[in-house]
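1. Compute the structure for the input listed below.
(2 chains, ligands or ions: 3)
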Amino acid sequence: MERAELLEQATVAKQAQKRIRIHCCTSTGCQASQSLDVKKQLDNAIKTHNLGDTVEAVGVGCMGFCGQGPMVEIEDADSPAEKKHYQKVTPEQAESIIGSLNGSGEADAIEGDPNHPFFSRQLLIVREHSGRIDPERIDEYLAVGGYQALHHAIYEMSPADVVQEITQSGLRGRGGAGYPTGLKWATVAKMPPGQKYIICNADEGDPGAFMDRSVLESDPHRILEGMAIAGYAVGATQGYIYVRAEYPLAITRLQKAIQQAKRKHCLGAQIFDSPVDFTIEIRVGAGAFVCGEETALIASVEGGRGNPRPRPPYPAVSGLHGCPTLINNVETLGNISPIIRNGAEWFAGIGTERSKGTKIFSLTGKIRNNGLIEVPMGITLREIVEEMGGGVPGANNVKAIQTGGPSGGCIPDRELDTPVDYDSLRELGSMMGSGGMVVMDDDTSMVQVAQFYMEFCRGETCGKCIPCRAGTVQMYQLLTKLLDEKATKRDLDRLKELCGMVQATSLCGLGQTAPNPVLSTLHYFEQEYLDLLQPDPITVAAANRG
Amino acid sequence: MSVVTLKINDIDVAAEAGKTVLDAAREAGIRIPTLCHLDGVSDVGACRLCLIEIKGIPKLLPACVTEVSEGMEVTTHTPQLDEYRRMTVEMLFSEGNHVCAVCVANENCELQDVAIEVGMDHSRFTYRFPERGVDISHPQFGIDHNRCILCTRCVRVCDEIEGAHVWDVAGRGAAAKVVTGLNQPWGDVEACTACGKCVDACPTGSIFRKGSTASELDRDRGKLEFLVKAREENQWTR
Ligand code: SF4
Ligand code: SF4
Ligand code: FES
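-> Ligands and ions are numbered 1, 2, ... in the order given. Next comes the predicted model:
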C-alpha cells in the first residue's frame, strides 16, 4: 500500500468525525460507575435534540481522573482549546449536557477544570490519544495518524535503522528495572535469522497499579503498532500479548483491534503489501504476579507452570520455545510509534540525562486527586503529590510515598524534592517499578505497610526456590510479631538478616526484591520498629538475677 | 572437546567446556552442597545451596547451572555463603514436618546430610507445623508431603527418564506441593508405571516404598544415572 493511500484513509476517517465530539469514558473504572448508561443517554439526547449532524458521543478510553468518573468531555473542532469537563456524570444529566450545546439551558453536571495542574502538568506521549478516540474503531486511530509510523518504518527504514532510532531515543524499559530498550532490541536483532518472537508483557500485577490496563483499553492499536515495528526491527514474525485474565475489557478490545488491523493490512501477512509479515496472538494468563518475570512469563506462554528459571540464558538469546525473544512491557511499546514518528532526537529531548521521555503513574492512597498521570521524567515528587495530586486531604501531612510496588520502597517526605527518574529513585532505596505511586499520611504505620507488601509477596511467590518461598513467610511472621508487640530486639535482627539473605539468594526478581519495602521502611522509619520492641525476656531475667 | 581453565578456591582446575561449575568442582574434589541437583536429569537451580561467588559478578550464582568459562575465579565457601546455606537448611526444616526419628529415610537422607554439612544443629526460625497429607493409595509406594522439600527431583526423573510425567507441582508459595496425575490419589494415576524411579530420586523420606520401616530405605541413585548413560551412550554396563 502506498503511503498516499494510508494518508487518504486517515483523511476520510477524520472527515467522518462530527464537529462536536462528546468523549465519554468507557474504560473499566468509569464503566463501574455506569458510564455505559451515560453514553446511551447522550446518544438519545443527541437524537431528540436533532443534533446528529454536528454532534456525536464517542465512547473513549481513560481520561485519567478515574476517581471522579464517569468523565465526559466536550471538544469542539472549531475551538479545540476550550474543552469542557464534566465529572461524576449520571445518566440523568446527559439530557442537560446536550441541551447546553445549543444554548437551551445550563448543563446540570459537575464541571471540572481542564486547566487544573492534574491535567496541565501532564505530558502525554503514550496516552496522547487516551480519552480522545474510540478504542474499538480503527478509523479513529487512523484519523490521528495511526499506523503511519509502521508504514514509514517498513518502507523508509532498514531494520537496523529502526533499532538505531530506538537506541538513540534513550528509551528504557517501563516495566520496572529500566533496561535500555534499544540494547534489548539490538541483542535480539543480532541473533541469527530464524524463528524469533515478540512478547508484550501485559501481566501488570502490582497492587494498586492499572497503567497498562488503561493503555490497552484506551488505545490498543498503538501497542499492536509498536509490536509490529519491533517485529520488523528484530526480524520476528510472530508476537504474543500476555495479558492477565482479570482484564476482560482489555482482552476484548485487543481482539477487536487485531481483527481490524488485519483487515486493513496493518498486521498479518504482507503488511501494506510489503514482504513483511507480523501476526499477533493473545495469551491470557491466570493472574500470577510472578508471571511478570520474563522467564516465568515465557513458561506460561508455552503452556507450562509460570515458574522462573535461572538466567542466563536470557530470553533475548533463548526465550519462547528456545528461540530469541524480545519481551517489552505495554508502556515501553506504547512509546515506539511516537519515537518513529517524531524521531529519536525529539524523544531524547524530553526527561532527564539518563531517563528519557515520560512515565505513567497510578497515583493513589491518601491524596485528593486519584488517577492516572503521565509526566515527564525529572518532575519532582512534590510537584506530583502537592500540585497535581492536591496533597493529602484533611489536616494530615504527607509522610511517605511508596513507589515500585512490592519490589519498591517508601520515600520519606523530606525527599519530596527528588526528581522522578530511574536512578534517583533507586538511590533512595526505592524504584520506578511499573508505576504504582501510593501516598501515605501521618497516620500510616510503616511497619504495617511493610507487612502488607510482604503478605502480598508471600502469597505470590511461585515457591520454586526456598529463600523466597519460606523467607517471605518467615519475614511476614516476624513483622506480624512486631505489630502484635511481642517481638524483641533479636526478632528485629533476624528480620534484617532474612532481608539480606532473601535478596542475595533468591532465584528471580520477585524474591530478590521482596525485602525492599522492609528495608526502605527500616532505613527511613527505624524508630517505628524500635517503638514496637519488647524487652528481651532473657536479658530481663539476667538483670533480675543480678 | 575443548578445555577451559579456571580457579576454584584458588586452585587451578581444568574442565571440559560446557560443563557446569558444580561438575568442575566435584571433579577437583571440592564439595558444594546441593539438594535439587540430581545426576542424570536437568537442573533447575531451585534449592540455592550451591550458590557460589564469581569474581567480577555481583550476584551469587548457582554452581549447578553456571557454565565454566576461561579464567573464571570461583569461591565456593565464605563465611557469608556458609551462613546463607545454613539459613536455607533451617528454613527447610521449619517449613515442613521433619521428624527424623520416625522417618524411613533416617540416616539415609540427603537433607540430614546437608544439615550436618552446613553445621545446623537447630533452627532459629519458627516451626510452621503445616498440615500436610500422606498418600498411600499406590499399591507399592507412598508419599508423605510432610517431608517433601519441593526439590522436584521426582518430577524430573519421571518426566525425563521414565517419560511418564506423573509428577508435577501445584499451588504456589507455602501452598506449593508436588502432585500426582491431575492432583489425584497416586494409586488412581494410570500413567504411573510403578517403575520406582521417583523413590530412587527423592532426597528425603517423602517418597518411599511401602513396607520399609525406619532406617531401612535403600536408594539406588546409580540406577538413574546408569539409565541415562545407557540410552545416550549405549553403554549398558554399570
Ligand atoms: S524468587 Fe520466588 S518467585 Fe522467584 S523463583 Fe524463587 S520462589 Fe519463585
Ligand atoms: S517428593 Fe521428594 S523428590 Fe519429590 S519434590 Fe518432594 S522431596 Fe523432592
Ligand atoms: S543444586 Fe544448584 S540450586 Fe540446588
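2. Just list the residues touching residue 40, thanks.
-> Using chain A. Taking CB atoms under 8 Å, 6 or more residues apart in numbering or on different chains, we find residue A:40 in contact with residue A:91. In this view, the C-beta of every residue, glycine as well, is placed from N, C-alpha and C.
3. hm, I was asking about chain B
-> B:157, B:161, B:224-225, B:227-229.
4. Show me those residues that map onto helices.
-> Assigned to helices by DSSP state H, the following of these qualify: B:224-225, B:227-229.
5. can you pick the most crowded of these?
-> Within the ones in helices among the contacts of residue B:40, residue B:224 tops the neighbour count with 22 neighbours, counted by other CB atoms under 10 Å in any protein chain shown.
6. Was I right to think it contacts residue B:154?
-> No - judged on CB atoms under 8 Å, residue B:224 makes no contact with residue B:154 at a distance of 11.2 Å.
7. joint contacts of these two?
-> residue B:201.
8. Would you check how far apart whichever residue of the stretch 201-350 of chain A sits closest to chain B and residue B:63 are?
-> Residue nearest to chain B within the stretch 201-350 of chain A (CB to the nearest CB): residue A:310, separated by 4.0 Å. Computed as CB to CB, to the nearest Å, the residue A:310 to residue B:63 distance reads 11 Å.
9. Which single residue of chain A ends up nearest ligand 3?
-> Across chain A, the shortest distance to ligand 3 (CB to the nearest ligand atom) belongs to residue A:465, at 7.7 Å.
10. Tell me who's in contact with that residue.
-> Residue A:465 touches A:505-508, A:511, B:45-48, counting by CB under 8 Å, 6+ apart.
11. Also residue B:140?
-> B:194, B:196, B:209-210.
12. Which per-residue confidence value corresponds to it?
-> On pLDDT, residue B:140 comes in at 94.
13. same deal with residue A:102?
-> 76.
14. Count the residues that sit near it.
-> 12.
15. right, and it touches residue A:51 too?
-> Yes - taking CB under 8 Å as the definition, residue A:102 is a contact partner of residue A:51 at 6.9 Å.
16. and the residue in chain B that ligand 1 sits nearest to, how far is that from ligand 3?
-> Going by CB to the nearest ligand atom, ligand 1 is nearest to residue B:46 of chain B, at 7.3 Å. Distance of residue B:46 to ligand 3, given as CB to the nearest ligand atom, to the nearest Å: 6 Å.
17. gap between the residue of the stretch 201-350 of chain A closest to chain B and residue A:288?
-> 19 Å.
18. out of the two, which sits in the more crowded spot?
-> Neighbours were counted for residue A:310 and for residue A:288 using other CB under 10 Å; residue A:288 has more, 21 against 18.
19. pLDDT at the nearest residue to residue B:218 once chain neighbours are set aside, what is it?
-> Nearest residue to residue B:218, sequence neighbours excluded (CB to CB, 6 or more residues apart in numbering or on different chains): residue B:108, at 7.2 Å. You'll see residue B:108 listed with a pLDDT of 90.
20. cool, and the one 5 residues further on?
-> On pLDDT, residue B:113 comes in at 96.
21. The helix or strand harbouring it packs against which elements?
-> Taking DSSP states H and E as the criterion, the element that holds residue B:113 is helix B:110-117. Using 3 or more CB pairs under 8 Å, 6 or more residues apart in numbering or on different chains; DSSP states H and E, the elements in contact with helix B:110-117 are helix B:79-95.
22. for chain B, what spans make up the strands?
-> Remark: strands assigned in chain B by DSSP state E are B:3-8, B:11-16, B:51-54, B:61-62, B:73-75, B:134-135, B:141-144, B:167-170, B:177-180, B:207-209.
23. can you tell which of those is closest to residue A:61?
-> Nearest to residue A:61 among the strands of chain B is strand B:167-170 (37.8 Å), distances taken as CB to CB.
24. Can you confirm whether that closest one lies near chain A?
-> Yes - counting by CB under 8 Å from any CB of the partner chain, chain A is contacted by strand B:167-170 at B:168-169.
25. Quick one: residues in contact with that strand.
-> Against strand B:167-170 from outside (CB under 8 Å, 6+ apart): A:305, A:307, A:463-464, B:150, B:152, B:154-155, B:158-159, B:176-180, B:183, B:198.
26. could you flag which of those are buried?
-> Among the contacts of strand B:167-170, the ones that count as buried by 16 or more other CB atoms under 10 Å in any protein chain shown are A:305, A:307, A:463-464, B:150, B:152, B:154-155, B:158-159, B:176-180, B:198.
27. Report the entries of these that also contact ligand 2.
-> Among these, the residues lying close to ligand 2 (CB under 6 Å from any ligand atom) are B:150, B:152, B:154, B:178.
28. check contacts around the spatially most central residue of chain A.
-> Chain A has residue A:211 as the residue nearest its centroid, 2.8 Å off, counting by CA atoms, centre = their mean. By CB under 8 Å, 6+ apart, the contact set of residue A:211 is A:204, A:330-331, A:360-362, A:372, A:434-435.
29. Kindly recompute the last result at 7 Å.
-> A:204, A:331, A:360, A:362, A:372, A:434-435 (CB atoms under 7 Å, 6 or more residues apart in numbering or on different chains).
30. Where is pLDDT lowest across the residues you listed?
-> residue A:434 (82).
31. Show the contacting residues for that one.
-> Residue A:434 is in contact with A:174-176, A:204, A:206, A:209, A:211, A:329, A:405, counting by CB under 7 Å, 6+ apart.
32. residue boundaries of the helices in the stretch 51-200 of chain A?
-> A:94-99, A:117-120, A:138-143, A:148-156, A:159-169, A:181-190 (DSSP state H, counting those that start in this stretch).
33. Make JSON lines from those helices and add distance to ligand 1, mean neighbour count and mean pLDDT to it.
-> JSON lines is the format used below for the helices of the stretch 51-200 of chain A (distance: least, CB to the nearest ligand atom, whole Å; neighbours: other CB atoms under 10 Å in any protein chain shown; pLDDT from 0 to 100):
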{"stretch": "helix A:94-99", "distance to ligand 1": "48", "mean neighbour count": "22", "mean pLDDT": "91"}
{"stretch": "helix A:117-120", "distance to ligand 1": "36", "mean neighbour count": "18", "mean pLDDT": "92"}
{"stretch": "helix A:138-143", "distance to ligand 1": "37", "mean neighbour count": "23", "mean pLDDT": "96"}
{"stretch": "helix A:148-156", "distance to ligand 1": "36", "mean neighbour count": "20", "mean pLDDT": "97"}
{"stretch": "helix A:159-169", "distance to ligand 1": "29", "mean neighbour count": "20", "mean pLDDT": "98"}
{"stretch": "helix A:181-190", "distance to ligand 1": "21", "mean neighbour count": "21", "mean pLDDT": "98"}
